[in-house]
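A.B. asks: I need the structure of the sequence given here:
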Amino acid sequence: MDLTLLGALATGTAVFCLLVALFAPWLAVPARDDAVRAAGLTRERYVRLVSAERPAWERVLAPVAGWVGERVPALASQVSERDIVRAGLDPAALPPAEIYAAKLVLGVAVLAVGLALSAIVPFALLVALPVAFVGYIFPTEYLGWLGRRRQSQLRRELPDFLALVRPLAERHSLERAVSQVADAVHRASNGRNLLGEQVRGAVAAYGTGVDLYAALRDVAAASDLEELEELAGSLAQARHLGKGVGEVLAEHERGLRDGERNRLLGAASTVQPKLAAILAGVYLPEFVLLIVLPLFLSTLGRL
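C.D. replies: Predicted coordinates:
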């Protein structure tokens, strides 16, 4: 057998055995007892059974996240809880330490694979270096993408939501109108309307004694949505000044639709330069190969 192939197999086997030795205690799923016997379990046994219900990726990241949180908390602090909240996730269920652990695991795993394959493919480690960097930054970039997508969805849904609330707010209280519209939108969209879901949470907080405008500002802060925060402030100010709620809602709806129209026009204005660049990238090489190069060669032949 070729010694290079044998060395690659030995390296891969050693890496696999090392990973199994490190993570086998956390990946092992203990035998489950019946629900009747669960009442007599000790706390440690119960915690172990509950931890086995978690996904495999979470059980892999948990020990790394614990090590990062205890030994190098400054690294875990590089991931902001605000980004996790903006992405629609719970920092208590997915803490920043686990996000940073995912960054480390992805980067190190890609490097290990590249090192194992370097015995077969000499340039595998060089290829693995940029791929490892991509794996390292992927979790935080994915969080940012989720946050931007949620923010864009909330911004698109807000004008239509205000258009539904405005006629009801002229006949009923604002709190009742917001609650009815949020419930109706949530049912009609089968829970896919993000703003309806967020406003329902704000209405639920209002039912526990929290000011509705403060609850709306909390929703705006969680999603970094300045338009909703300005709306909540304007509504609170209008109530103190005795200004009509319908007028405030109409002004903000009109401003939001104008802003959305301006964003669409701005996006449309960038289509023509992008299209020109694409066409140049597609046709310019063909023009050079089929026209310019033959003319150049024919000119050289006549010299």
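
A.B. asks: for the lengthiest helix in the chain, name the packing helices and strands.
C.D. replies: In terms of residue count, the longest helix belonging to the chain (DSSP state H) is helix 124-171. Under the contact criterion of 3 or more CB pairs under 8 Å, 6 or more residues apart in numbering; DSSP states H and E, helix 124-171 touches helix 81-86, helix 96-117, helix 174-188, helix 194-207, helix 212-223, helix 226-241, helix 245-269. All C-beta spots, glycine's among them, are computed from the backbone N, C-alpha and C.

A.B. asks: how much space between S269 and L275?
C.D. replies: 12 Å (CB to CB, to the nearest Å).

A.B. asks: list the contacts for A163?
C.D. replies: Applying CB atoms under 8 Å, 6 or more residues apart in numbering to A163 gives the contacts E253.

A.B. asks: can you check the pLDDT for it?
C.D. replies: If you check A163, the pLDDT there is 88.

A.B. asks: let's have the chain start at 19 instead
C.D. replies: Yep, numbering from 19; the last one is A181 now.

A.B. asks: where in the stretch 69-218 of the chain is pLDDT low?
C.D. replies: Residue ranges of the stretch 69-218 of the chain with pLDDT under 70: 69-94.

A.B. asks: now with 50, please.
C.D. replies: 69-70 (pLDDT under 50).

A.B. asks: contacting residues for R272?
C.D. replies: Not one residue lies near R272 by CB under 8 Å, 6+ apart.

A.B. asks: any figure for the gap between R257 and S191?
C.D. replies: With CB to CB as the criterion, R257 and S191 are 11 Å apart.

A.B. asks: ok, G319 next?
C.D. replies: Remark: distance between G319 and S191 (CB to CB) = 89 Å.

A.B. asks: for the two, work out which one has more neighbours and name it.
C.D. replies: Neighbours per residue (other CB atoms under 10 Å) separate G319 from S191, with S191 holding more: 12 against 7.

A.B. asks: show me how the record splits the protein into domains.
C.D. replies: Following automatic domain parsing, one finds the domains of the chain at 21-140, 168-284.

A.B. asks: list the residues that contact E99.
C.D. replies: Contacts for E99 (CB under 8 Å, 6+ apart) come out as P109, P114.

A.B. asks: show me which positions of stretch 219-231 end up buried.
C.D. replies: Judged by neighbour count (16 or more other CB atoms under 10 Å), stretch 219-231 contains these buried residues: A220, V221, A223, Y224, L230, Y231.
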